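In: all I have is the shape, not the residue letters:
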């Protein structure tokens with residue numbers, strides 16, 4: 001009951017905090033399973049596991065979290081297992097054998113566990129070196145007859161510390177552990193080699209579902225390449241393709257450095273010019289007709305007139321609980337900012353909602369108390385929706401006044417964009433075979 005409540009609450013809150021997109025097989029893995037993930041976003045990463053599986057999952061978490069108020073209580077309620085890291089307390093690392101044994105037992109019983117084999121949360125642009133603990137747990141359970149499978153889960157965040165940004169959860173093909181199992185009577189060296197090989201296979205699986213770059217400065221470059229490629233194909237941009245662009249960029253840079261610099265310079269120059277007019281490539285093909293413009297204006301004026309009073313009320317009621325988590329996370333490491341914001345917002349919501357209800361009850365009687373109790377959640381969702389619609393509306397208006405009335409500027413940008421899109425498409429064709437082979441585990 002406790003697990004189901006926490007899972008439901010956290011899943012709902014995460015879908016409100018982020019725009020969550022899941023790319024996973026239709027059939028959920030059954031039997032003994034280890035979900036392994038990259039770890040760019042502290043406690044948000046394990047929380048997102050609630051979104052991808054209905055199964056009850058046992059989490060492995062660093063031991064200091066068990067001593068934190070509220071978080072420690074929740075972890076114990078979820079029957080999570082503590083991991084004693086040397087950097088936290090060197091003297092307690094020996095206790096890990098008990099944790100490993102408990103994890104192996106859970107797998108032998110056919111349960112699912114979650115591990116982040118990098119061993120730490122970080123904001124680096126590439127997957128970190130994996131610890132061998134996951135492989136040792138899996139092989140230990142397989143040795144006892146459990147048909148263990150390891151499922152790679154990739155978390156790709158648009159802006160991981162920004163409210164209502166996007167996150168793509170990509171679930172890769174399961175890795176069968178049995179083929180890595182050594183024969184009975186194997187030497188210690190052979191056991192270590194099996195763990196190393198399985199760890200390498202897990203790393204390959206994770207790289208196939210994550211974006212890995214040499215440096216963060218490459219991100220705008222691959223995003224622009226994807227925008228132009230989608231523009232050329234007449235498609236919407238696809239975040240799943242970013243990992244292909246990242247791998248292709250590494251090959252392109254190492255094999256054709258001079259050509260790479262020319263293309264990079266052209267793409268980034270084009271990106272800067274688009275940013276000056278607050279547009280992206282697909283905006284360059286828009287044709288504004290008077291009838292469509294009039295319909296757009298009337299529709300949005302009506303929405304504004306009808307929705308603005310409710311939005312103003314929501315803004316007044318929810319401004320404080322929105323700002324408190326934001327201010328609390330300002331001086332915190334990037335990879336933990338979202339955790340502080342998310343937990344702070346969740347806590348504020350659980351306090352603010354009943355608080356408003358009590359105030360309404362005291363000031364207006366039980367009828368107003370019930371109205372506020374029932375009305376606060378939809379008002380909060382409407383305020384969120386209206387603010388997002390307003391941001392999108394302001395962008396569309398800005399693009400209209402910038403490009404709709406400046407035909408020559410639009411034509412020059414379109415010409416440049418089509419030329420670069422053709423170059424990007426050509427590069428994609430040249431490097432696609434090796435890129436697809438590299439990202440396939």
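Out: Thanks, I have the structure now. None of the values given here were measured: they were computed from a predicted structure. Residues are numbered from 1 along each chain as shown.
In: name the SS class of residue 39, please.
Out: Following DSSP: H, G, I helix; E, B strand; the rest coil, residue 39 is assigned to coil.
In: could you measure the residue located most distally from the centre of the chain against residue 353, distance?
Out: Centroid-distance maximum for the chain: residue 365 at 43.8 Å, with C-alpha atoms, centre = their mean. Taking C-beta to C-beta, to the nearest Å as the criterion, residue 365 is separated from residue 353 by 19 Å. (Glycine included, C-beta is placed from N, CA and C.)
In: still on that earlier bit, so for the residue farthest from the centre of the chain, what's the pLDDT?
Out: Reported pLDDT at residue 365 in the predicted model: 92.
In: tell me what the top strand by length along the chain is packed against?
Out: Counting residues, the longest strand found in the chain (DSSP state E) is strand 149-157. With contacts taken as 3 or more C-beta pairs under 8 Å, 6 or more residues apart in numbering; DSSP states H and E, strand 149-157 sits against strand 33-37, helix 44-52, strand 166-171, strand 175-176, helix 188-207.
In: tilt between the third one and strand 33-37?
Out: What it means is strand 166-171. 140 degrees (axes from the mean of the first three to the mean of the last three C-alpha atoms, to 10 degrees).
In: out of the helices and strands packed on strand 149-157, which one sits most buried?
Out: Taking mean count of other C-beta atoms under 10 Å as the contact definition, the stretch among those with the greatest mean neighbour count is strand 33-37, which reaches a mean of 26.
In: so what touches that one?
Out: 45-46, 49, 52-53, 55, 57, 107, 112-117, 134, 137-138, 148-155, 174, 202, 205-206 (C-beta atoms under 8 Å, 6 or more residues apart in numbering).
In: would you state the helices of the stretch 1-150 of the chain in chain order?
Out: Along the stretch 1-150 of the chain, the stretches classed as helices by DSSP state H, counting those that start in this stretch are 2-17, 44-52, 71-77, 96-108, 133-143.
In: center of this structure - which residue?
Out: Closest-to-mean residue, the chain, C-alpha atoms, centre = their mean: residue 167 / 3.1 Å.
In: shouldn't that one be in contact with residue 157?
Out: Yes - under the criterion of C-beta atoms under 8 Å, residue 167 lies in contact with residue 157, with a separation of 5.0 Å.
In: shared neighbours of the two, anything?
Out: Listed as contacting both residue 167 and residue 157 by C-beta under 8 Å, 6+ apart are residue 18.
In: now do the same for residue 288: its pLDDT.
Out: At residue 288 the predicted local distance difference test score is 62.
In: how about low-confidence regions in the stretch 301-441 of the chain?
Out: Counting by pLDDT under 70, the stretch 301-441 of the chain contains low-confidence residues at 403-406, 438-441.
In: name every strand pairing with the longest strand of the chain and say which way it goes.
Out: The pairing partners recorded for strand 149-157 under DSSP bridges are strand 33-37 (parallel), strand 166-171 (antiparallel), strand 175-176 (antiparallel).
In: pull out the buried residues from stretch 223-230.
Out: Residues of stretch 223-230 classed as buried by neighbour count (16 or more other C-beta atoms under 10 Å): 223, 224, 225, 226, 227, 228, 229, 230.
In: what sits up against it?
Out: 236-238, 241-242, 245, 249, 267-268, 270-271, 280-282, 417, 420-421, 424-425, 428.
In: which of those are buried?
Out: Judged by neighbour count, with 16+ other C-beta under 10 Å as the criterion, the buried members of the contacts of stretch 223-230 are 237, 241-242, 245, 249, 267, 270-271, 280-281, 417, 420-421, 424-425, 428.
In: and of those residues, the nearest to residue 334?
Out: Set against residue 334, the nearest of the buried ones among the contacts of stretch 223-230 by C-beta to C-beta is residue 242 (19.2 Å).
In: and the strand or helix carrying the closest one, how far out from the chain middle?
Out: When elements are assigned from DSSP states H and E, residue 242 belongs to helix 242-255. When C-alpha coordinates are averaged (C-alpha atoms, centre = their mean, to the nearest Å), helix 242-255 and its chain have centres 21 Å apart.
In: what does it rub up against?
Out: Applying C-beta under 8 Å, 6+ apart, the set of residues contacting helix 242-255 is 156, 207-214, 218, 221-223, 225-226, 259-260, 263, 427-428, 431-432, 434-436, 438-439.
In: list only buried entries from those.
Out: Buried members of these, scored by 16+ other C-beta under 10 Å, are 156, 207-213, 218, 221-223, 225-226, 260, 263, 427-428, 431, 435, 438-439.
In: just the ones in strands from the residues you listed, please.
Out: Of the buried ones among the contacts of helix 242-255, the ones assigned to strands by DSSP E are residue 156.
In: can you give me the end-to-end distance of stretch 76-96?
Out: Stretch 76-96 has an end-to-end distance of 17 Å (criterion: C-alpha to C-alpha, to the nearest Å).
In: do the same with stretch 395-412
Out: 21 Å.
In: any idea how far it is from the middle of the chain?
Out: Averaging C-alpha positions (C-alpha atoms, centre = their mean) puts stretch 395-412 33 Å from its chain's average.
In: just stretch 410-423 next, same as before
Out: A distance of 31 Å separates the centroid of the chain from that of stretch 410-423, by C-alpha atoms, centre = their mean.
In: tell me the buried residues in it?
Out: Result for stretch 410-423 [16+ other C-beta under 10 Å]: buried residues 410, 413, 414, 416, 417, 418, 420, 421, 423.
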